Every structure is written in C-alpha cells, then in structure tokens.
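Asker: Let me see the structure of the following:
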Amino acid sequence: MSLFTRSGRLPDTDTARHTNTEDDTDPASTDTSAPSSDVPSASTDAPAGPTDASAGSVGRWQRLRRAPREFRRRYPVAARSMSWTVTALAAALVLFALLMPGSVEYFTAPQFLRIPVEPILGAALLMALPRRPRLALAVLIGAGLAALIVVKSLDIGFNQFLGRGFNIVLDWGLLDDAESYVQDTLGRSGALAAVVGLVTLVVALFGVMALAVVRLANLLVGHRERAMRGTVVAGTVWITCAALGLTPFQDTPVASRNTIGFVQDRWARARETLADEAAFAEVAKKDAFADVPADRLLTGLRGKDVMITFIESYGRAALEDPAIAPGVTATLDERNEALRKAGFAARSGWLTSATYGGSSWLGHSTFLTGLWIDNQNRYRTVTAGERLTLPGAFHKSGAWRTVGVVPGVQYNWPEGDFYGFDKVYDSRDLGYRGPKFSWSTMPDQYALTAFERLEAAKQGGKPLMSEIILTSSHQPWAPLPRMVGWDEVGDGSVYRAVEKAGKDPADVFTDPVKVKEEYGKSVQYSLRSLLEYVEKYGDENTVLVFLGDHQPMASVSGNGADHDVPVTIVAHDPKVLDRIDDWGWSDGLKPGDDAPVWRMDAFRDRFLTAYGTGGQPPSSKIP
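Answerer: Below is the predicted model:
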C-alpha cells in the first residue's frame, strides 16, 4: 500500500489527452479530510526516500507548467486581456528603443509618432525563417535593441554633462570616473548601490528585450497571413511617406530610419576615431618651439613669479547668463578695483575649450601643450610623448622652479613629469584636515594658503612658476565653502562647521533654479579666493594667468551652449601687459563683447611668442 501511496503523487499520465479533467486527477485536489480504511496513514508507511522527493518535485513542476493553461480556462476574458497587454507592452518597448533620441530636448511627442522602417524589415525576415533560426535571430535582435537603449542613455548623459555624444571606442574608461564622482558625492555605500542598481537594470533590460522580440516573432508566425499583409501595407506606407518627405509634426519626418542611421553614424565615428589616433600622433611630433634654446624662452618674464590657475567650470555662462552673471560680475568689478588700488592691471579675452561640462584634464592639456586634445586617446598620446608644455618651457629655461598644485588629484599623477614640474602637491600633500565639499577635496582658499606656506613664502632661490587648479566650483555645487579670514584658515578644521551648514547636493543638483544660483556662488567664491590671494600676497613681480577649463554642464549653461571660457592676465609690471597689446584683449578682469575668441590650443604658441625670442606658431593643426 505504501507503494500505491507514493505512486499516487506522480503526475497523471493522461493529462495530455484529458486537459479538461486536470483538477480531478491532481492528487493535490482530492479530499483528504476523511481517512480511508483502505489507505493507511503516511505515518504507518516506510520512511519516504529519494523517489518521493523527486516525484514531488516533478509534480510541482508539472503543476507550474499547467498553471497558465488553467488560468486561461478559468478566466478566458482576463487571460486574453493580459495577453494582449503584454504584447502591446512588448511592441511599445521595441518602438521606444527604435525611436528613442540621444538627447533630452528631443523627447517630444512627434519623435514617437514616426514610422520606423526597421521593424518592417525585421518582421519580413523573421517570418521567412524556420523556427530555430527565427528564435535565435529574435534573441539577437532583442539584445541589439537593449544595447541601443544603453548607448542612447549614455548619449543623454554625455550630452547633458559633456556636451557631446558617447564615443563607443574611447569613452568606456570615463565610466570609472563617473563612478568615482558618484562615490565622492554620495559616499562609498551610495556609489555601490548606484552601480549595483544600474548593472541589475541593464541585465534585466537585455532579458526583457529578448523576451519581447521573441513574443512578437511568435505572434507574427501564429498569424502569418495577416502579418504578411500588414507588413506589406506598412512597408508601402513607409515608402510613400519617405518619397513625399512628409513632415507634419514640427519638421519631424514621418518615415524614420533612426536606428540604421544611428548604427551607420557610430560605425563612421569609430573608424574616424581609430584613424585620428595615427594622424594626431604625427601632428604632436611637430613643435615649432621644441628646438628653441633655453636662453631664448620666456625672456620677457624673467624674474617674475608666474601663476597659471584653472578655475573649474568658469565659462561664458558665468558672465552672460542673466541668472548667474550679476553676482559674478559684481565680484569681478569689486576685485578689479581692489587690484587696481594695489598697483595691478589686467587684460581679458576668450578661449574656446576642447571640452565641455567635464573632463577638465582635456582643457588643461590643450591649454598647456598647444594641441587640440578633445578625447582620451589624444590625451594618452600626447602625455606619452615629449611635447613642450608651458610649465615645461619655464622648466627648460632653467630660470624658474616649477610647481603643480592639484588638490583634485588623490592618487599618484605621472603626468606631472610630462608637464615639467619640479614638484607636484596633490590632495595628500597639502596638509588639509577639514571636510570634503562633495567632489572638491578642499576649499580653494585653503589650497592657495597651502601653496603660500609650502612654496611661495620661502625666500631665496629661483622665481616660482606654478600651475594651480581650483576645484571649489566643481559640480554638484553643494555644499559650498565660504571665505574666512586668511589667518583663520589653519589646517582646514575651521571648514567643518561650514560644510555641515551647507546645502544637500541632491536638493541643488536636480533643481534648475537652485543649480544656477549655487554654481554662480561657487564661481564667485573661487574668483574671490584667487584675487584676494594676489592682492594680499602678490608683489611687483607677480604675474597671474587664470582661466576656466570649460563651461558648466548643460543644465547651467544651456543645451547647445558654446565652449568659450574667459582668460585673464594680471600683472603689476606694466611691461608684462605691454607685450600683449596686439592681442586685442579687453582691459580689466572681464572680456568685452569685442574681445577676440581663440581656440584654446592657440594660447601656448601666442604666449611663448609674446614673452620669448624665437619660434613661430605651427602653420597647420588638425581641429
């Protein structure tokens, strides 16, 4: 009897022939409330062995497989509604992937009311294939559509932050920088949660897209005749709309070949990127100043202490956006008057940066090398060579001690040797004991104070040439430091209360009004820190060159904003500014409307020409 009891748990072998009696034959549905005299209790049987466990597992699996069929039998209307809903969602997901734009401003209704040609071609191909190849192709198409969404999502992020699309050859390495930025902003646990969430979402996206295309492929084959007629009609409509050039929705054509064009564009960009590396390597080898003797370099600045300072995200928007400019220009006007009273004068112009919204090192390297470095490949190529940089020219002359102050660098920085610095101070070397301000490791006022203590205040020896990178105006612009008395800066502990009282980055970064306000305040702080430093510690031999590395991201500077940044030279000795009279720059700390706009890579050659003897700007460059 125990054998009969165990075998009674096996699935009904007549299930396939009697689909309408599954409940009657399922042992789980039998009434066990009254004991039978013929069937002993399970407790009187021999102990269940492996056969019982495997049989129970098989039974559960069979019931699970029968569940959808049983649901359709019991609730036919609900089942049909659910089936069509899932199919509609699958179709909508596929269409979204095909029509999804790569920039936020194009997320409009007309964009998604277009007729894409790709599903028409895909439907015809899927219906022509036998079952196994059809399923394999459907999964492959689903994976391709998922990859399309991922790349377009990266495009959206890159356009918002860097003002350009995602480069599938070069930009994967920047994802590490993005993770570091999130970690600096949200902390290690927040960054880990974000990474895990994104990876999970991407994996789920690939699975869902594959299932969606498989479902649609099965639907097409299940209704082959109607599907073929529909495909022919859709193809005819698409060809007609394309031939007539119909654009009823705000100049948006009805007939779309978005995905085909997108793939062709990315393929062309990838080929251009690979070709660019070789071409740029050749251009980087040509340098009109490489062979200029040391005694003819920078002769017009001999005996001067020269500071080259980059202000993070200090772009044209800071001086021209109505929501930002009033506070920034008031700060510049105030500091300009203070410097004038201290005996300083200034000239200002515009430079077009090689980067936008981020990747500051591309702007730095473009300015310092005289080469247009707008991607990571070019950066790696030039920093692996022996190009003469501006700090390198000061170093080569033998007349200056060259120093780099880079508080944003938290690890070893081998590029310091390439640039020609005798000494590099990163965030670990400046003695800071205060809090971080989101991404910025320390306030600008502290970085300048540390520079004064560690280098500038030391008497004797050679004049000093320094490159200082100020980071307090780095996004997300909250919390922000504030000015304290220069004699109160100390080791930075004074900033603990300032940071604690600051605003939450999440509240600022996502608010279109607050983000501009706080960006403007951050630039005001950086400018005030730098210019007060010059006023307090500068002397008749001080020469300051300061500029922005790039414009702020699109949420501040606006979609499609230019890449222009202000550049200014401040000097106490009028002979320094006399040498650039022919540049046409505006007097003071603000470039005027009529100030010239140069590409950033033009500055090195013009500077070395104006302040040296010998060497001419290269006659040809690649953009």
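
Asker: List the backbone torsions phi and psi for F249.
Answerer: phi -110, psi 90 (degrees, to the nearest 10).

Asker: buried residues in the helix or strand that contains A393?
Answerer: Counting by DSSP states H and E, the element that carries A393 is helix 390-397. Using 16 or more other CB atoms under 10 Å as the test for burial, helix 390-397 gives L390, P391, G392, A393, F394, H395, K396, S397. Every C-beta, even on glycine, is put in place using the N, C-alpha and C of the backbone.

Asker: again, but for stretch 230-247
Answerer: Buried-residue list, stretch 230-247, by 16+ other CB under 10 Å: T231, A234, G235, W238, C241, A242.

Asker: Contacts only, for the closest residue to R131 other than its chain neighbours.
Answerer: Using CB to CB, 6 or more residues apart in numbering and skipping the chain neighbours, the partner closest in space to R131 is V221 (8.0 Å). By CB atoms under 8 Å, 6 or more residues apart in numbering, V221 lies in contact with L126, M127, R131, R134, A227.

Asker: Most neighbours among the residues you listed, which one?
Answerer: If you count neighbours using other CB atoms under 10 Å, the busiest of the contacts of V221 is L126, which has 24 neighbours.

Asker: so where do the strands sit in this structure?
Answerer: 115-116, 255-256, 305-311, 345-352, 401-406, 423-426, 464-470, 542-548, 564-571, 586-587, 597-599 (DSSP state E).

Asker: Break the chain into its domains for me.
Answerer: As assigned by automatic domain parsing, the chain contains the domains 2-74, 77-270, 286-611.

Asker: Need the mean per-residue confidence for the shortest one.
Answerer: Translated: domain 2-74. Domain 2-74 carries an average pLDDT of 48.

Asker: got it, and stretch 111-122?
Answerer: On average, the pLDDT along stretch 111-122 is 88.

Asker: now stretch 400-416
Answerer: 90.

Asker: next one: stretch 376-389
Answerer: Per-residue pLDDT over stretch 376-389 has a mean of 90.

Asker: Pull out the buried positions in that stretch.
Answerer: Those would be Q376, N377, R378, Y379, T381, V382, T383, R387, L388, T389, for stretch 376-389 by 16+ other CB under 10 Å.

Asker: So the last one sits against F367, correct?
Answerer: Put plainly, it is T389. No: contact between T389 and F367 fails when scored by CB atoms under 8 Å: they sit 9.3 Å apart.

Asker: Mutual contacts of the two, please.
Answerer: R604.

Asker: tell me which helix or strand of this protein sits lowest on mean pLDDT?
Answerer: helix 2-7 (a mean of 35; mean pLDDT, DSSP states H and E).

Asker: on that earlier part again, between the buried residues of stretch 376-389, which sits nearest A330?
Answerer: Of all the buried residues of stretch 376-389, T389 has the smallest distance to A330: 35.0 Å, by CB to CB.

Asker: And the residue lying closest to the closest one once chain neighbours are set aside, how far from A506?
Answerer: Nearest non-adjacent residue to T389, counting by CB to CB, 6+ apart: L368, 4.5 Å away. Relative to A506, L368 is positioned 35 Å away (CB to CB, to the nearest Å).

Asker: can you count the residues close to L216?
Answerer: Count around L216 with other CB under 10 Å applied: 23.

Asker: next one: E105
Answerer: Counted with other CB under 10 Å, E105 comes out at 10.

Asker: now P512
Answerer: 9.

Asker: Run through the residues that contact it.
Answerer: Residues in contact with P512 (CB under 8 Å, 6+ apart) are S555.

Asker: rewinding a little: tell me which two of the buried residues of stretch 376-389 sit farthest apart.
Answerer: So, those by CB to CB: farthest apart are Q376 and L388, at 21.7 Å.

Asker: low pLDDT regions in this structure?
Answerer: 1-59, 61, 63-65, 177, 180-181, 183-187, 614-623 (pLDDT under 70).

Asker: which of the domains of the chain sits most buried?
Answerer: Ranked by mean neighbour count under mean count of other CB atoms under 10 Å, these are led by domain 286-611, which reaches a mean of 20.

Asker: Now do the end-to-end distance for that one.
Answerer: End-to-end distance of domain 286-611 (CA to CA, to the nearest Å): 21 Å.

Asker: Check the offset of that domain from the chain's centre.
Answerer: Using CA atoms, centre = their mean, to the nearest Å, the mean C-alpha position of domain 286-611 is found 23 Å from that of the whole chain.

Asker: doesn't V597 make contact with S586?
Answerer: No: taking contacts as CB under 8 Å, S586 lies outside contact range of V597: 12.0 Å.

Asker: okay, and the common contacts of those two?
Answerer: G349.

Asker: Please name every helix or strand in contact with the helix holding A393.
Answerer: Packing contacts for helix 390-397, counted by 3 or more CB pairs under 8 Å, 6 or more residues apart in numbering; DSSP states H and E, involve strand 305-311, helix 360-369, strand 401-406, strand 464-470, helix 603-611.
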